[in-house]
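In: model this:
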Amino acid sequence: MDKQVLAVIAARAGSKGVPGKNLKPLGGKPLIAYMIEAAARSRLVTRVVVSTEDDRIADTARTYGADVPFVRPADLADDTTPLLAVTRHAMEELDRQGWRADAIVQLAPTCPFIPTAKIDEAIEKVLEPGSDCVVSLRRIGHEHPYRAKRLLDDEGTFVQFIEGIDVERYQSRQDLPHAFCTTGGIYARQRGLLERWTGKDFCLGARPRAVMLDDIAATNIDGPLDFAFADFILSQYADTVSR
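Out: Numbers count the residues shown, from 1 in each chain. Got it, this is the predicted structure:
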């Protein structure tokens, strides 16, 4: 039997960094449209659902091909709401409507340059036997954790954030061991993992796996400078970010 895969794109109206961020134009269309279109092109996603409390976002989402089968409750639309709670609510709401997902992929509308192929790669991995979570990562460069510092006082005295590291060994960036961070763009989970989530962790399971994104695909728009950077990418690397 084919697996039912739900793509959830959570988009609320409130944004402190960039007011109206999800509907703000980027390259001639709303920011949220990029992720909707990428998910809609997936050969493995069964339904693309936008979870929102805002009528304008809902109308825009439908225009670009997403399903908006419910209104997100107000208590799941504030600054402190974990995205996991929003994702599980979407899964459970569709259960109540008679449609059951086997796997859920949480996609960020603030990551406009994620290729559809990476969404499919994450879904393929999460559906493999023994796998229950797949997350998008990018390699850390100049902000490597070995170079992180901790301030000791108001005068700016600092020490290594990670104690016991001989930083003199890593004067060149190329000498640093590879380190990675989550991009926030893709979280794919088996249904059971999301059902068991207690609200006290990131719901990654016992053995999370990764899909790797390059710097462009990992772009995550949080503030005005990020928007300017995204505009630059579109103007200079249109072929790179095309699907």
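In: what ranges of the protein fall below the confidence cut-off?
Out: 1, 16-17, 242-243 (pLDDT under 70).
In: can you do 80?
Out: 1, 14-19, 167-174, 238-243 (pLDDT under 80).
In: Now do the one helix or strand residue 95 maps to: which elements does it pack against?
Out: Secondary structure from DSSP states H and E places residue 95 in helix 83-96. Applying 3 or more C-beta pairs under 8 Å, 6 or more residues apart in numbering; DSSP states H and E, one finds that helix 83-96 contacts strand 5-10, strand 47-51, strand 103-107, helix 191-195. Where you see a C-beta, it was placed from the backbone N, CA and C, and this is true even at glycine.
In: so what are the domain limits for this structure?
Out: Listed by automatic domain parsing, the domain ranges of the chain are 5-138+180-236, 141-178.
In: hang on, the earlier thing: for my notes, please list the helices and strands packed on helix 83-96 in TSV and give distance to residue 222 and mean neighbour count for each entry.
Out: As requested, the helices and strands packed on helix 83-96 are exported to TSV (distance: least, C-beta to C-beta, whole Å; neighbours: other C-beta atoms under 10 Å):
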stretch	distance to residue 222	mean neighbour count
strand 5-10	15	25
strand 47-51	19	25
strand 103-107	16	26
helix 191-195	25	17
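In: Quick one: closest of those to residue 218.
Out: strand 103-107 (13.6 Å; C-beta to C-beta).
In: roughly how far is the closest one from the heart of the chain?
Out: 10 Å (C-alpha atoms, centre = their mean, to the nearest Å).
In: Only the buried residues of the helix holding residue 95, if you could.
Out: By neighbour count with 16 or more other C-beta atoms under 10 Å, helix 83-96 contains the buried residues 83-84, 86-91, 93-94.
In: now the helices: where do they sit in this protein?
Out: Per DSSP state H, the chain carries helices over the ranges 31-40, 55-63, 83-96, 116-126, 191-195, 224-236, 238-241.
In: For residue 142, state which of the buried residues of helix 83-96 is nearest.
Out: The shortest approach to residue 142 among those belongs to residue 83, at 27.3 Å (C-beta to C-beta).
In: residues contacting the nearest residue to that closest one once chain neighbours are set aside?
Out: The shortest distance from residue 83 to any non-neighbouring residue, by C-beta to C-beta, 6 or more residues apart in numbering, is to residue 10 (5.6 Å). Listed by C-beta atoms under 8 Å, 6 or more residues apart in numbering, the contact partners of residue 10 are 50-52, 72, 83, 86-87, 90, 106, 108-109.
In: just residue 88 next, same as before
Out: 194-195, 197 are the contacts of residue 88 under C-beta under 8 Å, 6+ apart.
In: 10 Å instead?
Out: 8, 76, 82, 104, 106, 189, 191, 194-195, 197, 199, 203 (C-beta atoms under 10 Å, 6 or more residues apart in numbering).
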